[in-house]
Each structure stands twice: as structure tokens, then as C-alpha cells.
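>>> Give me the fold of what follows.
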Amino acid sequence: MLVVEHLSKHYASPAGPLVVLSDVNLTVQPGQSVAIMGPSGSGKSTLLNLIGALDRPTGGRVQLDGQDYSLLPEGDLARLRNQRIGFLFQDHHLLPQCTVLENVLVPFLAFGRPTAHDLKRAEELLSAVGLAARMDHLPGELSGGERQRAALVRAMVTQPRMLLADEPTGNLDADTAEQIVQLMLELHRQSQNLLIVVTHSPGVASKMDVVFQLSKGILKRVGQESAAS
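Down below sits the predicted model:
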């Protein structure tokens with residue numbers, strides 16, 4: 001379970017503290033999917049970075065399965081990010097000199113080498129998203145949708161407890177975006193992890209269990225919980 005309590009983020013500026021997030025509270029249960037919407041500059045990516053342990057808050061705390069980020073030294077935070085959190089961004093961030101399969105195996109290199117089990121899982125996931133014939137290809141040989149599918153597999157290959165997606169369909173056409181969202185939700189349902197998606201798209205948001213709106217640093221729930229479609 002993810003618990004965000006009284007989270008705030010301020011930056012220093014000549015005019016005084018710049019408040020990006022103010023008293024944000026959020027709870028996400030295992031198997032639940034959440035969309036966070038809001039105008040550009042509202043702090044959506046900042047919130048995702050704090051939830052993903054990529055940045056530290058000014059105040060408040062984040063806990064994943066009872067583990068308080070603020071109590072962890074940098075080395076343990078790096079391990080948490082690598083092994084328990086998956087990241088999917090608007091840009092795929094694939095290494096251009098590595099094959100699709102090699103890119104997917106990159107997360108295992110941070111604390112050792114991929115095992116035979118890791119390799120098998122990577123190959124199975126790539127096959128599941130339709131990239132079985134593309135494993136030995138370089139990212140430059142793939143379409144935009146194929147690159148994002150590879151990035152999705154890389155985010156899920158370590159079986160993370162939480163998947164964070166920041167505008168994952170922002171660079172894709174409508175049909176390809178729909179495919180990516182469906183694949184992301186399918187892998188999420190199979191793993192029963194926590195899924196948090198930052199998006200400008202009402203269509204993407206509508207497929208999540210719960211939708212929140214972030215505006216002027218305040219996070220508010222929109223509507224009622226419904227089954228993802």
C-alpha cells in the first residue's frame with residue numbers, strides 16, 4: 001500500500017518560497033489504479049518524483065508497504081527505486097546502442113547481473129506485448145509504439161510493487177496510445193501492483209479506478225471510484 005501524508009514541496013526563490021505542493025494526502029491500495037490530472041505546471045511530475053523516491057519533500061512523508069522513505073539512506077532509496085518501483089515516461093529513454101532485450105534487462109545491472117530467470121521473464125514479457133520478433137533490434141529500428149512497449153516491459157520486468165507512468169501516451173497517436181494503455185492495465189492487473197498515471201488525457205484517466213485533480217498544489221479526488229474498463 002502507498003500512503004502519502006501531508007506532503008509538501010517548496011523551492012527557494014528571490015520572492016520567497018515557491019510552493020509547488022501543499023498538504024497532499026493520498027492512499028493507494030494494491031491492485032488499484034490512479035490517474036492524476038491537472039494543468040501544466042501544477043506539480044504533477046513533482047508529486048510523481050516524490051512518490052517514486054526521485055526527490056525528497058519539504059514536509060510530510062511517503063510510505064510504500066509501511067516503509068517510510070524519509071528514514072532510508074540514499075543507498076537504500078536507490079535499491080527501493082530499482083527493485084520496487086517501475087517508471088514509464090513520455091519519452092522511452094531506451095539506450096540507442098542496446099537491443100530491445102538488453103534495454104529491458106538494464107534494471108538488473110544496478111545490483112548484479114541478470115539471472116536465467118530474469119532473462120526468461122524479460123523474453124516472456126516482450127512476447128506478451130508483441131515484441132517477440134523485435135528483441136534483437138535496436139530502438140532506432142522500432143516504431144514509437146514499439147519503443148514505448150519496450151519501455152513498459154523494462155518498467156515491469158523486476159515485478160515492482162508500484163508502477164509510475166508520467167504522460168506515457170503523450171508522444172503517441174490515438175490508436176497507439178490506446179494500445180499502450182491497455183497493455184499497461186493488463187500487466188497491472190496480472191501483477192496486482194499499484195499503478196499511478198499522470199496524464200492530460202481524459203480518455204486515459206477514465207480507464208483508471210480513481211481520478212485526482214492537482215491544482216495550485218492541492219490534490220482533490222474527482223467523482224467516485226469505478227471499475228477500470
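>>> can you tell me how far the closest residue to residue 11 other than its chain neighbours sits from residue 43?
Distances taken as CB to CB, 6 or more residues apart in numbering place residue 18 nearest to residue 11, at 4.5 Å, with adjacent residues excluded. Backbone N, C-alpha and C define where each C-beta goes, glycine included. From residue 18 across to residue 43, the span is 11 Å (CB to CB, to the nearest Å).
>>> mind listing the strands for the protein?
Assigned by DSSP state E, the strands in the chain fall at 2-11, 18-28, 33-37, 59-64, 67-68, 85-88, 162-166, 194-198, 210-215, 218-222.
>>> now the ones you listed in CSV, with distance to residue 172?
Output for those, formatted as CSV (distance: least, CB to CB, whole Å):
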stretch, distance to residue 172
strand 2-11, 27
strand 18-28, 25
strand 33-37, 17
strand 59-64, 29
strand 67-68, 34
strand 85-88, 12
strand 162-166, 12
strand 194-198, 14
strand 210-215, 21
strand 218-222, 24
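>>> Name the spans of this structure whose pLDDT lies under the cut-off.
Within the chain, the ranges that satisfy pLDDT under 70 run 224-229.
>>> OK, contacts around the most centrally placed residue in it?
By CA atoms, centre = their mean, the mean C-alpha position of the chain lies nearest to residue 164, the distance being 1.5 Å. Contacts for residue 164 (CB atoms under 8 Å, 6 or more residues apart in numbering) come out as 48, 51, 52, 85, 86, 87, 88, 196.
>>> bridging residues for the last one?
Spelled out, it's residue 196. When assigned by DSSP bridges, residue 196 has beta-bridge partners residue 34, residue 164.
>>> for it, what are its contacts?
Counted by CB under 8 Å, 6+ apart, residue 196 has contacts 2, 28, 33, 34, 35, 36, 48, 51, 162, 163, 164, 165.
>>> quick one on the thing from earlier: in terms of neighbours, single out the busier of residue 18 and residue 43.
Taking neighbours as other CB atoms under 10 Å, residue 18 and residue 43 compare with residue 43 leading, 24 against 11.
>>> correct me, but the more buried one touches residue 20?
Yes. Using CB atoms under 8 Å, residue 43 makes contact with residue 20 at a distance of 4.5 Å.
>>> Mind listing the shared neighbours of these two?
9, 217.
>>> Not counting sequence-adjacent ones, nearest residue to residue 222?
Of all residues not flanking residue 222 in the chain, residue 211 sits nearest, at 4.4 Å (CB to CB, 6+ apart).
>>> May I have the beta-bridge partners of that neighbour?
Beta-bridge partners recorded for residue 211 (DSSP bridges): residue 35, residue 222.
>>> who are the neighbours in contact with it?
Applying CB under 8 Å, 6+ apart, the residues contacting residue 211 are 34, 35, 36, 37, 205, 221, 222, 223.
>>> which non-adjacent residue is nearest the fifth one?
Okay, so that is residue 205. Spatial nearest neighbour of residue 205, chain neighbours left out: residue 35 (3.8 Å); criterion: CB to CB, 6+ apart.
>>> got the contact list for that neighbour?
Counted by CB under 8 Å, 6+ apart, residue 35 has contacts 196, 197, 198, 199, 204, 205, 207, 208, 210, 211, 212.
>>> Which residues are in contact with the residue nearest to the second one when sequence neighbours are not counted?
With sequence-adjacent residues excluded and distances taken as CB to CB, 6+ apart, residue 197 is closest to residue 165, at 4.5 Å. Taking CB under 8 Å, 6+ apart as the contact definition, residue 165 lies against 87, 88, 89, 155, 184, 195, 196, 197, 198, 199.
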